[in-house]
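J.: Give me a model of this one.
(2 chains)
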Amino acid sequence: MLTLNSRVLGYVAVLVLMSISFGALSSEVLIFNITLKNHAFVPEEIIVPRDTKVQLVIDNQDAEPEEFDSFDLNREKVIFPRRKARLFIGPLQPGKYEFFGEFHPDTARGRVIVKEAPDAN
Amino acid sequence: MLINTAILFLRECLPLFLMFAYLLAIMPKLFTHTWLNIALLLTCSVVPFSFFTLAQGISESFAGQGAEFMIITLLLVHLFCFLLATTQFVNERVRLILVLLGVSSFFTLKGSSLIFYLDIYTQQTVNWQPLLVGGLIGMGICISVLVLLRFVLTELIAHRQTHWVIGLWVLFIVGNTAEISHVLLQINALDWGANTFFDISAFVDDSAEYGYLLNALVGFESSPSVLFVVLYGVCLMLAILCLRALGCVSNQHSKSPVYPGEFSTHEGLL
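T.: Numbers count the residues shown, from 1 in each chain, chains lettered A, B, ... in the order given. All right, here's what the predicted structure looks like:
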């Protein structure tokens, strides 16, 4: 008869195996550049294809740090002044994903639009 | 600015207050040690500020991934320290040190964003009123939640329902630790697990106040990734294994208390 510890370890193994089958994704990575200037993201909107990993390169041209934050994308990173930061998002399902600058949320806002067709800008 | 400040205080400070609610309910005797209280005060102020001053250098290390590695390290330290401190395996002296380390690491994580915001705010404006009022509002909500949660936890302990208390405490710790998944995906450290496991964001909004509370309490997310779910499950099961192997405190089944003396609502478990 299995002990509780053995059963728990078994559940862990099953969970990991299931996740490997769920978690497979394409190896293609698209790169998008975003500039942060005067506490605003430029461009405000980027369009990406579905089910594709995307690298965002955010160039902070302001004199203060900004925190790139997104509840929809589950991403958070402080970008220091005159520095670039790189972070990965996706693969994403079609829809709209908002992001904002946590230190200047009124002006620093943007969105990632994920489309069905692979015609990203 | 006032609303932004209140929301930021709520987001960053709520998990800290929840942590103290659990510690005060489960381990109230620890806080009778004066040196712990002084050490907590010092480390919770010095360490986050030190991290703040070194943040840019840390961020640029490891090919720009230094901040993420630091976050992972701090989350693992907090998991390890708080789990061990909840077992009967360690004596009181070690428990004190573990709590100190766990609290310091968590404070550094959550406090650093707040320090950045305060630094930027004070550079940009001389009008402190929105900052003070927004901070008071945010802190007021956090203190209310702390008082309410501590009351609930102490009542559960007093009625020998410690499995609920320990269960919630474990979910709190594991929920925070599972955020490692976001960091790993952010730096593309893993080639799997980025797909969304489920999406109920139409029903539960992560950016709403109840979303903050659910996230702070148990690490809830309305659209978690596969890696998040896996990490949450693995951490939860490892926590259960650890507590069972090393002995978890409980007054549930004993007719006499686990520790000598009459059990009261203020004695906690440790």
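J.: what sits up against stretch B:34-44?
T.: Stretch B:34-44 is contacted from outside by B:30-31, B:96, B:99-100, B:103-104, B:107, B:111, using Cβ atoms under 8 Å, 6 or more residues apart in numbering or on different chains. In short, each C-beta sits where N, CA and C put it, glycine included.
J.: Quick one: residues contacting the residue lying closest to residue B:194 once chain neighbours are set aside.
T.: Spatial nearest neighbour of residue B:194, chain neighbours left out: residue B:185 (5.2 Å); criterion: Cβ to Cβ, 6 or more residues apart in numbering or on different chains. Listed by Cβ under 8 Å, 6+ apart, the contact set of residue B:185 reads A:74, A:88, B:193-194, B:225, B:227.
J.: and the contacts of stretch B:34-44 as CSV, adding distance to residue B:235 and pLDDT?
T.: Shown next, in CSV, are these (distance: Cβ to Cβ, whole Å; pLDDT from 0 to 100):
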residue, distance to residue B:235, pLDDT
B:30, 24, 82
B:31, 27, 83
B:96, 24, 90
B:99, 19, 93
B:100, 22, 92
B:103, 19, 93
B:104, 20, 92
B:107, 21, 90
B:111, 23, 85
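J.: Between the residues you listed, which sits nearest residue A:30?
T.: Proximity of the contacts of stretch B:34-44 to residue A:30 (Cβ to Cβ) peaks at residue B:111, which lies at 35.3 Å.
J.: Now do the spatially closest residue to the closest one that is not a sequence neighbour against residue B:126, distance only.
T.: Nearest non-adjacent residue to residue B:111, counting by Cβ to Cβ, 6+ apart: residue B:48, 3.7 Å away. Separation of residue B:48 from residue B:126 (Cβ to Cβ, to the nearest Å) stands at 25 Å.
J.: okay, these two: which has more neighbours?
T.: For residue B:48 versus residue B:126, neighbours defined as other Cβ atoms under 10 Å in any protein chain shown are more numerous around residue B:48 (20 against 5).
J.: what sits against that one?
T.: Under the criterion of Cβ under 8 Å, 6+ apart, the neighbours of residue B:48 are B:107-108, B:111-112, B:115.
J.: Just the contacts of stretch B:34-44: which are in helices?
T.: Mapping these onto helices (DSSP state H) picks out B:96, B:99-100, B:103-104, B:107, B:111.
J.: Could you report the neighbour count for residue A:67?
T.: Residue A:67 has 20 nearby residues by other Cβ under 10 Å.
J.: Which of the helices or strands spans it?
T.: strand A:66-70 (DSSP states H and E).
J.: now what about that strand, what contacts it?
T.: With Cβ under 8 Å, 6+ apart, strand A:66-70 has contacts from A:36, A:39, A:56, A:58, A:60, A:75-79, A:85, A:87, A:97-104, A:108, B:113, B:116.
J.: Which of these fall in strands?
T.: A:36, A:56, A:58, A:60, A:75-79, A:85, A:87, A:97-101 (DSSP state E).
J.: Could you pick out the buried ones from those residues?
T.: Among these, those buried by neighbour count (16 or more other Cβ atoms under 10 Å in any protein chain shown) are A:36, A:56, A:58, A:60, A:75-79, A:85, A:87, A:97, A:99-101.
J.: Please list which of the residues you listed are also close to chain B.
T.: The residues of those that also fall near chain B, by Cβ under 8 Å from any Cβ of the partner chain, are A:75-78, A:85, A:87.
J.: Could you pull up the contacting residues of the residue positioned nearest the centre of chain A?
T.: Central residue of chain A (Cα atoms, centre = their mean): residue A:89, 2.8 Å from the mean position. Residue A:89 is in contact with A:53-54, A:56, A:73, A:75, A:97, A:112, counting by Cβ under 8 Å, 6+ apart.
J.: if I look at it, how far off is residue B:201?
T.: 16 Å.
J.: Same question for residue B:213.
T.: Applying Cβ to Cβ to residue B:213 and residue B:201 gives a distance of 16 Å.
J.: give me the low-pLDDT residue ranges for chain A?
T.: A:1-27, A:117-121 (pLDDT under 70).
J.: Which stretches in it count as helices?
T.: A:4-23.
J.: from the stretch 51-200 of chain B, which residue is nearest to chain A?
T.: Distances between the stretch 51-200 of chain B and chain A by Cβ to the nearest Cβ are smallest at residue B:192, namely 3.4 Å.
J.: hmm, back to that, am I right that the residue nearest to residue B:111 sits in a helix?
T.: Yes. Under DSSP: H, G, I helix; E, B strand; the rest coil, residue B:48 falls within a helix.
J.: Need the CA coordinates for stretch A:84-96. PDB is fine.
T.: The C-alpha trace of stretch A:84-96 is given here as PDB (Å, rounded to 0.1, in the frame of the first residue of the first chain):
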ATOM      1  CA  LYS A  84      17.000  49.200 -22.200                       C
ATOM      2  CA  ALA A  85      15.200  46.200 -20.700                       C
ATOM      3  CA  ARG A  86      14.200  43.000 -22.400                       C
ATOM      4  CA  LEU A  87      11.300  40.800 -21.400                       C
ATOM      5  CA  PHE A  88       9.400  38.000 -23.000                       C
ATOM      6  CA  ILE A  89       5.700  37.600 -23.400                       C
ATOM      7  CA  GLY A  90       3.500  35.000 -24.900                       C
ATOM      8  CA  PRO A  91       2.500  32.800 -26.500                       C
ATOM      9  CA  LEU A  92      -0.800  34.500 -26.300                       C
ATOM     10  CA  GLN A  93      -4.400  33.900 -27.400                       C
ATOM     11  CA  PRO A  94      -6.100  36.500 -29.600                       C
ATOM     12  CA  GLY A  95      -7.200  39.500 -27.600                       C
ATOM     13  CA  LYS A  96      -6.100  42.700 -26.000                       C
END
